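[1] 3D model of this:
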Amino acid sequence: MNTKTAQEDVIIRPMDEKDMADAHVMTQALHWPHTLQDWQQIVSVGHALVMEAEGRLIGTACLVPQGKYASVGLIVISDDFQGRGLGRQIMNDIMSCAEPGSYLYLTATEMGKPLYQKIGFEEYAVIEQYQNVVETEKVTLVHPKADAGIRKMDVGEEQTLKQMMNASCGMDRGAIGDLVLNTSNQTLVIEDEGKITGFAVCRDFGRGCCIGPVIAENPQHALALISHQLLACDQQFVRLDIVNQYREIGTQLSAWGLNKVDTVSQMVKGEVPRAEGDLIQFCLVSQAMG
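    Residues are numbered from 1 along each chain as shown. A predicted model of the protein is given here:
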């Protein structure tokens, strides 16, 4: 699929392997943290388009199918091509890659929100980004309630965790679940009377590593999982993207020495995603994948 835009010198086409390095350079110019490996991982679970003009890459967009939903991310237009309606054009084309009837969602900066509102997206959640180099002497261990304990994931438990990811978001996140579990540095679970009731993944991302998703039944269990992950990351740069509805998470991260560096909006075009059951996603996999 190659699309001519209204401006004849600009085309939109599927991203291929040789485009990845140029796409990475574009996000580096915006001071986004994504490594080339981060780009490759996102594209591996979805669709990606590039915009080309004058023989060079000037725009990107990605879409990750998740059952009846799909996330849109990594929408970039080069500075020297801004203000020509190209952001809306590549948005329209990447949205058309979704299955008919899909609900679309994304994470938007304040700068990007007006465009997304014009094409029918509405805010439904606020995400706060925390990050810093971890100093474990500042981190206090939080214990889960009652008789629950925390341990490393065992081989063979992957399917259970993927089902928990689905339930916590009301989506089919099987491909994303495979990606995060296969690239995890450490996956911790909460077990209560023989049943897994929460988990947290720590994996490489950007300038160091990220903790997410974090899925649990309550904020205390989420903080217990996060504290155990942080204590394994001494002197490493760590990032978390948290749902700000649960204020105690952000308050505790600040107390542990992580800085809030950004606030963004989760927006949806269609039905707002709803969790199924008692599980809550407290930390995103990433802003591009939700």
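[2] From residue 211, how far out is residue 138?
    The spacing between residue 138 and residue 211, counted by Cβ to Cβ, to the nearest Å, is 16 Å. Yep, even glycine has a C-beta here, placed from its N, CA and C like the rest.
[3] who has more neighbours, the two?
    Counted by other Cβ atoms under 10 Å, residue 138 and residue 211 do not tie: residue 211 has more neighbours, with 26 against 12.
[4] surely that one meets residue 202?
    Yes. The criterion here is Cβ atoms under 8 Å, and residue 211 meets it with residue 202 at 5.1 Å.
[5] Need the overlap of contacts for these two.
    Shared contacts of residue 211 and residue 202, defined by Cβ atoms under 8 Å, 6 or more residues apart in numbering, comprise 229, 238.
[6] in the stretch 101-250 of the chain, which spans are strands?
    103-108, 122-133, 149-152, 184-192, 195-205, 208-216, 237-243 (DSSP state E, counting those that start in this stretch).
[7] Which stretch among those strands approaches residue 50 most closely?
    Ranking the strands of the stretch 101-250 of the chain by their distance to residue 50 (criterion: Cβ to Cβ) puts strand 103-108 first, at 18.2 Å.
[8] so that closest one versus strand 237-243, what angle?
    Counting by axes from the mean of the first three to the mean of the last three Cα atoms, to 10 degrees, strand 103-108 lies at 130 degrees to strand 237-243.
[9] Check which helices and strands strand 103-108 sits against.
    Under the contact definition 3 or more Cβ pairs under 8 Å, 6 or more residues apart in numbering; DSSP states H and E, strand 103-108 sits against strand 69-77, strand 122-133, strand 259-269.
[10] Partner strands of that strand and their direction?
    Take DSSP bridges as the rule and strand 103-108 pairs in its sheet with strand 69-77 (parallel), strand 259-269 (antiparallel).
[11] Next, format the ones you listed as a markdown table and append mean pLDDT and mean neighbour count.
    Formatted as a markdown table, those follow (pLDDT from 0 to 100; neighbours: other Cβ atoms under 10 Å):
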| stretch | mean pLDDT | mean neighbour count |
| --- | --- | --- |
| strand 69-77 | 94 | 24 |
| strand 259-269 | 97 | 17 |
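[12] Now do the SS call for the closest residue to residue 40 other than its chain neighbours.
    Leaving aside its sequence neighbours, residue 40 sits nearest to residue 20 (Cβ to Cβ, 6 or more residues apart in numbering; 6.1 Å). Counting by DSSP: H, G, I helix; E, B strand; the rest coil, the backbone at residue 20 sits in helix.
[13] Looking at residue 20 now. What's its pLDDT?
    Listed pLDDT for residue 20 reads 92.
[14] since we're on it, how many residues are nearby?
    Using other Cβ under 10 Å, residue 20 is surrounded by 18 other residues.
[15] Hmm, residue 42 and it touching each other?
    No. Taking contacts as Cβ under 8 Å, residue 20 lies outside contact range of residue 42: 10.2 Å.
[16] residues in contact with the residue nearest to residue 40?
    Contacts for residue 20 were tallied using Cβ under 8 Å, 6+ apart; they are 36, 39, 40, 43.
[17] Mind checking which of those are in helices?
    36, 39, 40, 43 (DSSP state H).
[18] what's the neighbour count on the second one?
    Applying the criterion other Cβ under 10 Å, we find 23 residues in the vicinity of residue 39.
[19] can you pull the contacts of it?
    Per Cβ under 8 Å, 6+ apart, neighbours of residue 39: 20, 23, 24, 27, 74.
[20] Distance-wise, check it relative to residue 30.
    13 Å.
[21] Quick check: closest non-adjacent residue to residue 92.
    Distances taken as Cβ to Cβ, 6+ apart place residue 119 nearest to residue 92, at 7.5 Å, with adjacent residues excluded.
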